[in-house]
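A.B. asks: structure of the sequence below:
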Amino acid sequence: MEVVIYGICLGVGLVFTIISAFAGHLFGDGHHFDLGTGGHAEAGGDSSGIPGISFFSPTVLASFVTAFGAAGLILSRIEVTRTVWVSAPVAAIAGGGMAFLTFLIFSALFERTQSSSESRIASLAGTVATVISPVPENGVGEVAYVHGGSRYTCPARTETGGAVGSGKSVRVKRVVGSQVFVEPLP
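C.D. replies: Numbers count the residues shown, from 1 in each chain. Next comes the predicted model:
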């Protein structure tokens, strides 16, 4: 009887994984709308704004069920672990280990691929940037900087409230929200 249960777990886990892979490609994009007026608006039902993965996500749970079924089938064929009292707990441990491994892999993957602009901007103090849109007196301009081999831009003010012309080099002194405060370089 336990062989049937292990087989069902293995089959359900694999089928769920295959269906999720195809359905995710067909239906997982959500809807995304951009406004080209300098603002940005988004609408949709996807979870792209949520970094990471939950330990109780369908992917992690499916890996547990699949590994539990596979380990149970293997263990039920070995003489020492043939009884359900031995094979089920060991299969559960194997399933938990596989689920934890899946969780770690996806967490690392999401951490690397979903780096936000806020974390990038927060680490800018001391960075040298170039003014690409003049900073008026007591006003906001725009600077460009290179971080991690890529070029980015962000709104900027001067620490003293003075003006800085386009093309001038500045050093980022501090970050407030998504805006940087800069000082002109000599």
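
A.B. asks: tell me the SS of residue 3?
C.D. replies: Here residue 3 takes the helix state, with states given by DSSP: H, G, I helix; E, B strand; the rest coil.

A.B. asks: that one and residue 172: what is the separation?
C.D. replies: 64 Å (C-beta to C-beta, to the nearest Å). (Glycine included, C-beta is placed from N, CA and C.)

A.B. asks: these two: which is more packed in?
C.D. replies: With neighbours defined as other C-beta atoms under 10 Å, residue 3 and residue 172 compare such that residue 172 has more, 21 against 14.

A.B. asks: shouldn't the more buried one be within a helix?
C.D. replies: No. Per three-state DSSP, residue 172 lies outside any helix segment and is strand.

A.B. asks: hmm, it is touching residue 131, no?
C.D. replies: No. Taking C-beta atoms under 8 Å as the definition, residue 172 is not a contact partner of residue 131, at 11.7 Å.

A.B. asks: which residues are in contact with both of those two?
C.D. replies: Common neighbours of residue 172 and residue 131, using C-beta atoms under 8 Å, 6 or more residues apart in numbering, are 143, 182.

A.B. asks: so which elements touch the longest helix along the chain?
C.D. replies: Once the chain is assigned using DSSP state H, the helix that runs over the most residues is helix 84-113. Using 3 or more C-beta pairs under 8 Å, 6 or more residues apart in numbering; DSSP states H and E as the contact criterion, the elements in contact with helix 84-113 are helix 2-27, helix 58-75.

A.B. asks: just want the angle from it to helix 58-75.
C.D. replies: Relative orientation of helix 84-113 versus helix 58-75 (axes from the mean of the first three to the mean of the last three C-alpha atoms, to 10 degrees): 150 degrees.

A.B. asks: how far off centre is helix 84-113?
C.D. replies: On the basis of C-alpha atoms, centre = their mean, to the nearest Å, helix 84-113 sits 19 Å off its chain's mean C-alpha point.

A.B. asks: what mean pLDDT does that helix get?
C.D. replies: For helix 84-113, the mean per-residue pLDDT is 89.

A.B. asks: quick one: buried residues of it?
C.D. replies: Across helix 84-113, burial judged by 16 or more other C-beta atoms under 10 Å covers 84, 87-88, 90-91, 94-95, 98-99, 102-103, 106-107.

A.B. asks: quick one: which of those residues is nearest to residue 178?
C.D. replies: residue 107 (25.8 Å; C-beta to C-beta).

A.B. asks: from residue 90, how far out is that closest one?
C.D. replies: 26 Å.

A.B. asks: the domain parsing of this structure - what is it?
C.D. replies: Per automatic domain parsing, the domain ranges recorded for the chain read 2-114, 120-184.

A.B. asks: mean pLDDT lowest where, among those domains?
C.D. replies: domain 2-114 (a mean of 77).

A.B. asks: element containing the residue of the chain most remote from its centre, please.
C.D. replies: Largest separation from the mean C-alpha position in the chain: residue 79, at 44.3 Å (C-alpha atoms, centre = their mean). In the assignment (DSSP states H and E), residue 79 maps to no helix and no strand.
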